[in-house]
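**Student:** Next one to model:
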Amino acid sequence: MPIAPLNNQVVFKKRLSDEEILKAFIKDFLDIDITPQSIEVEKKFIPPIGGVDIEIDIFVDDPTHRLVIEIQRERYDYDFDRFWHYHIASQLELVKSHKDYKLERTVYSIVWFTRKVREKQYQQSLMTTNQVTTTEHGQSMILYPHQLFFLNPFYMNDKTPQGLKDWMTLVVESVNNPRTPNINLHRPIIQKAAKLIDDDGLTPQERIKIIDERDYNNMRRNEFQQGKQARNIEIARNLLAKGLDFAFIAETTGLSIDDIESLT
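**Tutor:** Model prediction:
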């Protein structure tokens, strides 16, 4: 069964906005049984919380929990700050008046990174942020139960929680081996998740959205490469002005000798 790549937001949102799949994933990961009152895609707070008009990929409320789920294909320097803002904003939105400081729901924010990252310290399958309180005696306590998780399935290892592995494998296989994915089809819920994102079963509208996102990502990548090339040319010109030799400039900038000669 060929499946569509889960590093595409359209496909990812289709999978985890399905109530049965969402409930199974949360049960496997957090060991929580949720009863969604609402599942919203591309959720906005009106009015915005804080100074940023955020849009959350998948937003779920049940009587005692709130789930914020994000997919992030690219890794930017500000990701961790941005998702912390999403996490806090989702808590603040629950405070409707001065009588509501004790939140009625526990907020769990889950960020999926769907590609490998360069930074060694972030090459982990699971990173968990807890709001931990520490006393002067070095004792820790959890006054606030809310948690923020960063998941990257491309770094699964023997310490990865067992409940995550089927879901992470589905993501990795959808990206690396979409035509013949090696996934746990012995589990009916994984079968359903795979069938939901079956490449042959996508609607024309979904295919258009997938192509639009792919084109946008390619444009962003090309703009980045063009900016990098322009910066290297500027550096090369500065080094040429200082009389440095072509070989050193080529090694420093990554430009070819011919490129550098054309600048003289």
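**Student:** Look up the closest residue to residue 132, ignoring the ones flanking it.
**Tutor:** residue 140 (5.2 Å; Cβ to Cβ, 6 or more residues apart in numbering). All C-beta spots, glycine's among them, are computed from the backbone N, C-alpha and C.
**Student:** So in terms of bridging, what pairs with that neighbour?
**Tutor:** Beta bridges link residue 140 to residue 134, judged by DSSP bridges.
**Student:** for it, what are its contacts?
**Tutor:** Applying Cβ atoms under 8 Å, 6 or more residues apart in numbering to residue 140 gives the contacts 132-134.
**Student:** distance of it from residue 130?
**Tutor:** Separation of residue 140 from residue 130 (Cβ to Cβ, to the nearest Å) stands at 9 Å.
**Student:** again, but for residue 107
**Tutor:** Taken as Cβ to Cβ, the span from residue 107 to residue 130 is 12 Å.
**Student:** again, but for residue 250
**Tutor:** Look at residue 250 and residue 130: by Cβ to Cβ, they are 48 Å apart.
**Student:** The two: who's more crowded?
**Tutor:** Each of residue 250 and residue 130 has its neighbours counted (other Cβ atoms under 10 Å); residue 250 has more, 16 against 12.
**Student:** And for that one, nearest residue in space, chain neighbours not counted?
**Tutor:** Leaving aside its chain neighbours, residue 250 sits nearest to residue 257 (5.5 Å; criterion: Cβ to Cβ, 6+ apart).
**Student:** does that neighbour really touch residue 245, like I thought?
**Tutor:** No. In this structure, residue 257 is not within contact of residue 245 by Cβ atoms under 8 Å, at 10.3 Å.
**Student:** quick one: secondary structure of the closest residue to residue 40 other than its chain neighbours?
**Tutor:** Excluding the flanking residues, the one nearest residue 40 by Cβ to Cβ, 6+ apart is residue 59, at 4.5 Å. On the three-state scheme (DSSP: H, G, I helix; E, B strand; the rest coil), residue 59 is labelled strand.
**Student:** What is the neighbour count of residue 59?
**Tutor:** Neighbourhood size, residue 59 [other Cβ under 10 Å]: 23.
**Student:** Show the low-confidence segments of the stretch 151-264 of the chain, by residue range.
**Tutor:** For the stretch 151-264 of the chain, residues meeting the criterion pLDDT under 70 lie at 199-227.
**Student:** and the residue nearest the centre of the chain, backbone torsions?
**Tutor:** Centroid check for the chain by Cα atoms, centre = their mean gives residue 72 as the closest residue, at 2.7 Å. The phi and psi values for residue 72, taken as degrees, to the nearest 10, are phi -140, psi 110.
**Student:** Relative to residue 122, how far out is it?
**Tutor:** Here residue 72 is placed at a distance of 12 Å from residue 122 (Cβ to Cβ).
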